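Novice: here's my sequence, what's the structure:
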Amino acid sequence: QVQLVQSGGGLVQAGGSLRLSCTASGRTFNRYVMGWFRQAPGNEREFVAAISFNGYITYYGDSVKGRFTISRDNAKNTLYLQMNSLKPEDTAVYYCAADRNHMHRITTATHDYDDWGQGTQVTVSS
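Specialist: Down below sits the predicted model:
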């Protein structure tokens with residue numbers, strides 16, 4: 001099991017930017033596919049972005065493509081989500097997640113991810 005601690009988030013006006021961070025415990029972070037998900041009140045948890053273990057491959061949900069960027073620093077055991085051109089519909093609790101079992105496959109399904117961060121609120125005002 002890996003512990004994921006998130007930071008960042010907060011309140012921003014539409015069109016603004018925020019960066020989320022997620023720091024993992026342990027020494028095998030560089031073997032995990034990592035993802036970001038979000039959940040708005042009354043909605044199911046939604047895939048946002050994912051990144052391969054080495055950072056070479058990224059994948060985004062359609063609603064954030066071109067606005068959000070996922071990246072990782074394996075030397076720091078840290079995952080990032082840079083969010084630009086934020087919209088009110090981006091308002092949600094954001095979660096980072098680790099897939100410890102599919103090193104060579106990026107998945108968008110929540111049930112494929114084993115460990116989750118505590119969540120952080122992102123609120124975008126209009």
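
Novice: is it correct that V12 falls within a helix?
Specialist: No. V12 sits outside any helix when classified using DSSP: H, G, I helix; E, B strand; the rest coil, being strand.

Novice: give me the number of residues near it?
Specialist: Look at V12: counted by other CB atoms under 10 Å, it has 17 neighbours. To be clear about C-beta, it is placed using only N, CA and C from the backbone, and glycine gets the same treatment.

Novice: who does it bridge with?
Specialist: Assessed by DSSP bridges, V12 has beta-bridge partners V124.

Novice: just W116 next, same as before
Specialist: When bridges are called by DSSP bridges, W116 pairs up with A97.

Novice: need the pLDDT of it.
Specialist: Each residue has a pLDDT score; the one for W116 is 97.

Novice: that one and F37, how far apart?
Specialist: From W116 over to F37 the distance is 8 Å, taken as CB to CB, to the nearest Å.

Novice: comparing those two, which residue is more hemmed in?
Specialist: Neighbour count, other CB under 10 Å: between W116 and F37, F37 has more, with 24 against 19.

Novice: shared neighbours of W116 and F37, anything?
Specialist: Here W116 and F37 have Y95, A97 as joint contacts, going by CB atoms under 8 Å, 6 or more residues apart in numbering.
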